[in-house]
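Asks: pasted the sequence and its predicted model underneath.
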Amino acid sequence: MIKLELDSVTKIYNKRAVIDKLSLQVRDNEFFVILGPSGEGKSTLLRLIAGIEKPDSGKIYIDSKDVTDLPPNKRNIAMVFQSYALYPNKNVFENIAFPLKMSKLSKQEISKRVTEIAERLGIKDILEKPVTKISGGQQQRVALARALVRDPSLFLMDEPLSNIDPRTRFSAIKLLKSIQKEYKKTFILVTHNHAEAATLADRIGVLHKGKFEQIGSYTELYERPATRWIGEFIGDVPMNFIDAKVFNIDFNGEIGFRPEWVSLEDKVFECEVESTEVIGDSYYVSCRIGENQIVVRAERQYEIGEKLGFSIKKYYKYIEGKLAE
Ligand SMILES: Nc1ncnc2c1ncn2[C@@H]1O[C@H](COP(=O)(O)OP(=O)(O)OP(=O)(O)O)[C@@H](O)[C@H]1O
């Protein structure tokens, strides 16, 4: 079942289409991540889905209902912001209970629901504390609890983990993923953090120039980039894109290969080492071959000027920056 559909949605700011005829379908129970560099329109897209912004053209459907002209409170969505937007004068319980206040639920029912969700998120012990006196990780859980307690149709999250310190972040990511699976809800999360996207997403949409440059799992994006831009954006180290002729391949275009798609045992080509970067337990060696610079993954450091023999085990062909089938 389709939970959310965007049909050719455009949003213009200062005569520029920040979102440009973008179409998307997100399935029920899917964890969809919108990934992209700063300023590509990720937050704008989320605000359009939420109804905080109106598109200049195009349609938005939630549960097959046209919500394009509906305000946020009529869309049955919950949104968690980077800042959490908690009420500073209220304690944890009151913050979580707030969305239920408007409903006709009894005090006992509200209390039951808040306690249940707080228990699940591990914040039951701090229900009486003011939100200003709890940690960033706990604030994130409160914001999540407040969103979950209403049982909305769709969760929208704008960089909800970016204010959490790196150590807590890992457990926060795990929690978010398990909550989504357990509650069987559709989540749409905006981030510029690749590791977060890779861990959380069923599918990632990479936003570039107002459109999704590619949509797929992180593995798909990494293993088979649809464009040169994706190959360079996804991964710790950009993919190599080099004229096919450099490697004696009879093709009018470029070949793209990851630094680890190279064998250093099988010495078909040779390059000259310029520098080495260490990432984790791998060595990424920048190497010159003719006019071109490539990066290959190695098991050790190489001296500058050293000659490195290699062959390419796997590559894709690209014409004008696009994957050639
Ligand atoms: N209300 C607005 N009025 C005018 N321009 C805007 C408005 N909101 C966003 N923009 C512009 O639209 C572009 C996209 O902004 P947006 O915040 O959606 O990007 P983003 O991908 O979420 O960036 P970041 O990761 O830095 O938050 C930017 O150039 C921004 O300056």
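Replies: Perfect, I can see it now. If you're wondering where the values come from, they're calculated on a predicted model, not measured in any experiment.

Asks: please count neighbours and contacts with C-alpha atoms only from this point.
Replies: Noted.

Asks: burial measure for the residue in the stretch 201-325 of the chain that the ligand sits nearest to, as a count.
Replies: Residue nearest to the ligand within the stretch 201-325 of the chain: residue 207 (7.9 Å; CA to the nearest ligand atom). If you count neighbours by other CA atoms under 10 Å, residue 207 ends up with 23.

Asks: that one pairs with what?
Replies: residue 212 (DSSP bridges).

Asks: so it makes contact with residue 39?
Replies: No. Using CA atoms under 8 Å as the test, residue 207 is too far from residue 39 to be in contact (9.9 Å).

Asks: contacting residues for the residue of the stretch 201-325 of the chain closest to the ligand?
Replies: Going by CA atoms under 8 Å, 6 or more residues apart in numbering, residue 207 touches 34-37, 40-42, 213-214.

Asks: could you rerun that using 10 Å?
Replies: Shown in contact with residue 207 (CA atoms under 10 Å, 6 or more residues apart in numbering): 19, 22, 34-37, 39-42, 45, 213-215, 230.

Asks: just those residues: which are in helices?
Replies: 42, 45, 230 (DSSP state H).

Asks: who wins on neighbours among those residues?
Replies: Busiest of the ones in helices among the contacts of residue 207 [other CA under 10 Å] is residue 42, holding 26 neighbours.

Asks: this structure: helices as residue ranges?
Replies: Using DSSP H, the helices found in the chain span residues 42-50, 92-101, 107-120, 136-148, 166-183, 194-200, 218-223, 228-233.

Asks: and the angle from the helix or strand of the chain with the lowest mean pLDDT to helix 136-148?
Replies: When the helices and strands of the chain are scored by mean pLDDT, DSSP states H and E, helix 166-183 comes last with a mean of 82. If you take axes from the mean of the first three to the mean of the last three CA atoms, to 10 degrees, helix 166-183 sits at 20 degrees to helix 136-148.

Asks: what helices and strands are in contact with helix 166-183?
Replies: Packing partners of helix 166-183 (3 or more CA pairs under 10 Å, 6 or more residues apart in numbering; DSSP states H and E): strand 31-35, helix 136-148, strand 186-191, helix 194-200.

Asks: can you redo the ones you listed as CSV with distance to the ligand?
Replies: Formatted as CSV, the helices and strands packed on helix 166-183 follow (distance: least, CA to the nearest ligand atom, whole Å):
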stretch, distance to the ligand
strand 31-35, 8
helix 136-148, 18
strand 186-191, 7
helix 194-200, 12
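
Asks: mean pLDDT for the ones you listed: which is lowest?
Replies: The minimum mean pLDDT among the helices and strands packed on helix 166-183 belongs to helix 136-148 (a mean of 86).

Asks: tell me how far that helix lies from the chain's centre.
Replies: Mean-position distance between helix 136-148 and its chain equals 20 Å (CA atoms, centre = their mean, to the nearest Å).

Asks: stretch 89-105 too?
Replies: 30 Å.

Asks: could you do stretch 283-290 as well?
Replies: That offset, for stretch 283-290, works out to 30 Å (CA atoms, centre = their mean).

Asks: that one: which residues count as buried?
Replies: By neighbour count on 16 or more other CA atoms under 10 Å, the buried set for stretch 283-290 is 283-288.

Asks: narrow those to those in strands?
Replies: Using DSSP state E, the subset of the buried residues of stretch 283-290 located in strands is 283-288.

Asks: list just the nearest of these to residue 258.
Replies: residue 284 (10.9 Å; CA to CA).

Asks: beta partners for that closest one?
Replies: Here residue 284, judged by DSSP bridges, has bridge partners residue 277, residue 297.

Asks: so who does it touch?
Replies: 237, 259-260, 275-278, 294-302.

Asks: repeat that for 8 Å
Replies: 259, 276-278, 295-298.

Asks: format those residues as TSV; extra columns: neighbour count, pLDDT and distance to the ligand.
Replies: Converted to TSV, the contacts of residue 284 look like this (neighbours: other CA atoms under 10 Å; pLDDT from 0 to 100; distance: CA to the nearest ligand atom, whole Å):
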residue	neighbour count	pLDDT	distance to the ligand
259	21	97	27
276	21	94	30
277	14	93	27
278	13	93	27
295	25	97	28
296	24	97	30
297	21	96	30
298	19	94	33
